[in-house]
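Undergrad: would you be able to build a 3D model of this:
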Amino acid sequence: MEKYAIIGGHPLHGEVEIGGAKNAALAILAAAVMTDDPVTIENVPDVMDTNVLLQAMERIGVKIERPERHTVKMDSSDIYDCIIKDEYMKKIRASYYMVGALLGKYKRAEVPLPGGCNIGIRAIDQHIKGFKALGAKVSVSHGSIVAEAKELRGTHIFMDKVSVGATINIMMAATMATGKTIIENVAKEPHVVDLANFLNSMGANIKGAGTDVIRIKGVERLHSTVYTIIPDQIEAGTFMMAAAATRGDITVRNVIPKHLECITAKLQEIGCRIYEYDDAVRIVAKDPLSSTQVKTLPYPGFPTDMQPQMTVVLGLAQGTSIVTESIFDNRFKYADELVRMGAQVKVESNTAIITGVERYSGATISAPDLRAGAALALAAMAAEGETLIEDIHYIERGYEDFDTKLRGLGAKISKVKTERDLTKFRFQIAN
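TA: Prediction:
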């Protein structure tokens, strides 16, 4: 198994280009099967999750071309099955988006229950509630979600809690339902808005995405489109935190600064200097960092996907910080790994109490999930000495060319598979 070998203690400097949003791409790729016409999607991140989804689509008859690394052309006119059996689909959370897409278009779907990172209970009750409200029969059988309907009819749905996945799934299913659908208490994340814009570009009639209420007037068919996915808010935030953790100076390019405001505000609060441009943000972290309090919340609040990275930064800030996780119930699994590196972190229920230390020290650690894995890599780059990070397949689920981009900023990082690879890396760094 490949590992990251990292020699830390060096501030990161320079510019980094952010790719397309993974979370938006997964929803948009799924929604593309809802038209028989050709669809071209640009700025698709080349990461494990998107590639697994595309592979599963090919196995039900979707024709897929990759004329360029980040461009996907899809033709779904010859789909011959609404049953997805791909074993790998169980490993990604976004597998359930195929339920909303296939149910919306073909009125039936059978998709493996979602997997992804083990960061806590992520129930699908709100998805099922929405599908049933639209007129579908839904069951869980042999590890799969099974949904079917003779007809989907528009209705009024009030979400019991804000759920990004359920908002996306219900929106797709309602797009081709008969009549009008109103969904209240919906998620407002940028990738929810991006999906709505994509569906509208194919002829859907969706209004209100980005607010508390989404209104959908069902249409009979969707048509061809060419669409570009928004930049990845979480990838951008991760590199912003890399500047803070290493006391560096990084310009993050190809971003929408509005989407990063909650991250920017916290970095400014702890002592970073932020410079915003039309499509870029520069983070300068030369001064000592101070402690703060952070609570994860649905957008536009502080994102749960940035909580581990923020905790790593606060572990190097002066004073005591408190981080409260209000979205998932098992998102502090990385804390033990961070403690191995010298951090002072105490987790009580859904709260981490962090007492800042002067520096981390290198250690052999393991990535427990996607975002925590990236956060531990940031800690390793700020640490004194060498760190080995195992289970980096989690990180590669959602970050394209992560080690390459970090090297471009001056990080001393390499993928290693054998002891010989590690010895070679150490030799190169020493010389």
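
Undergrad: ends of stretch 217-235, how far apart?
TA: One end of stretch 217-235 to the other measures 34 Å (Cα to Cα, to the nearest Å).

Undergrad: from the chain's centre, how far out does that stretch sit?
TA: 17 Å (Cα atoms, centre = their mean, to the nearest Å).

Undergrad: now that stretch: mean pLDDT?
TA: When pLDDT is averaged along stretch 217-235, the result is 98.

Undergrad: next, the buried residues of that stretch.
TA: By 16 or more other Cβ atoms under 10 Å, the buried positions in stretch 217-235 come out as 218-219, 222, 225, 227, 229-235. For the C-beta atoms, the positions are set from N, CA and C on the backbone; glycine is no exception.

Undergrad: again, but for stretch 199-217
TA: 199-200, 202-204, 206, 208-210, 214-216.

Undergrad: who touches stretch 42-52?
TA: Here stretch 42-52 makes contact (Cβ atoms under 8 Å, 6 or more residues apart in numbering) with 19-22, 25-26, 29, 69-72, 86, 88-89, 91-92, 94, 226-232, 393, 396-400.

Undergrad: out of the residues you listed, which are inside strands?
TA: Those of those mapping onto strands are 71-72, 226-228, per DSSP state E.

Undergrad: where in the protein is pLDDT low?
TA: Along the chain, segments meeting pLDDT under 70 span 86, 88, 90-91, 93, 115-122.

Undergrad: quick one, strands of the stretch 51-200 of the chain?
TA: 63-68, 71-75, 108-112, 137-141, 144-148, 156-158, 180-184 (DSSP state E, counting those that start in this stretch).

Undergrad: would you mind finding the most buried of those?
TA: Most buried of those, by mean neighbour count (mean count of other Cβ atoms under 10 Å): strand 108-112, with a mean of 23.

Undergrad: chain center to that strand: distance?
TA: Offset of strand 108-112 from its chain centre (Cα atoms, centre = their mean): 23 Å.

Undergrad: please apply the same query to stretch 37-55.
TA: Taking Cα atoms, centre = their mean, one finds stretch 37-55 lying 14 Å from the centre of the chain it belongs to.

Undergrad: same thing with stretch 131-145?
TA: Computed by Cα atoms, centre = their mean, the chain-centroid distance of stretch 131-145 equals 25 Å.

Undergrad: contacts for that stretch?
TA: Contact with stretch 131-145 is made by 90, 96, 99-100, 103, 107, 109-113, 124, 127-128, 146-155, 157, 169-170, 173-174, 177, 181, as judged by Cβ under 8 Å, 6+ apart.

Undergrad: and that stretch, end to end?
TA: OK, stretch 131-145 end separation, Cα to Cα: 11 Å.

Undergrad: likewise stretch 212-222?
TA: 25 Å.

Undergrad: residues in contact with it: which ones?
TA: Stretch 212-222 is contacted from outside by 34-37, 152, 154, 167, 171, 174-186, 188, 196, 199, 202-208, using Cβ under 8 Å, 6+ apart.

Undergrad: circling back to that earlier point, let me have the ones in strands among the contacts of stretch 42-52 in JSON lines, extended by distance to residue 240.
TA: Formatted as JSON lines, the ones in strands among the contacts of stretch 42-52 follow (distance: Cβ to Cβ, whole Å):
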{"residue": "71", "distance to residue 240": "27"}
{"residue": "72", "distance to residue 240": "28"}
{"residue": "226", "distance to residue 240": "30"}
{"residue": "227", "distance to residue 240": "27"}
{"residue": "228", "distance to residue 240": "23"}
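
Undergrad: ok, which stretches of the stretch 101-250 of the chain are helices?
TA: Taking DSSP state H, counting those that start in this stretch, the helices of the stretch 101-250 of the chain run over residues 125-133, 164-175, 190-201, 233-246.

Undergrad: how about these in JSON lines, adding distance to residue 368?
TA: Shown next, in JSON lines, are the helices of the stretch 101-250 of the chain (distance: least, Cβ to Cβ, whole Å):
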{"stretch": "helix 125-133", "distance to residue 368": "26"}
{"stretch": "helix 164-175", "distance to residue 368": "21"}
{"stretch": "helix 190-201", "distance to residue 368": "24"}
{"stretch": "helix 233-246", "distance to residue 368": "16"}
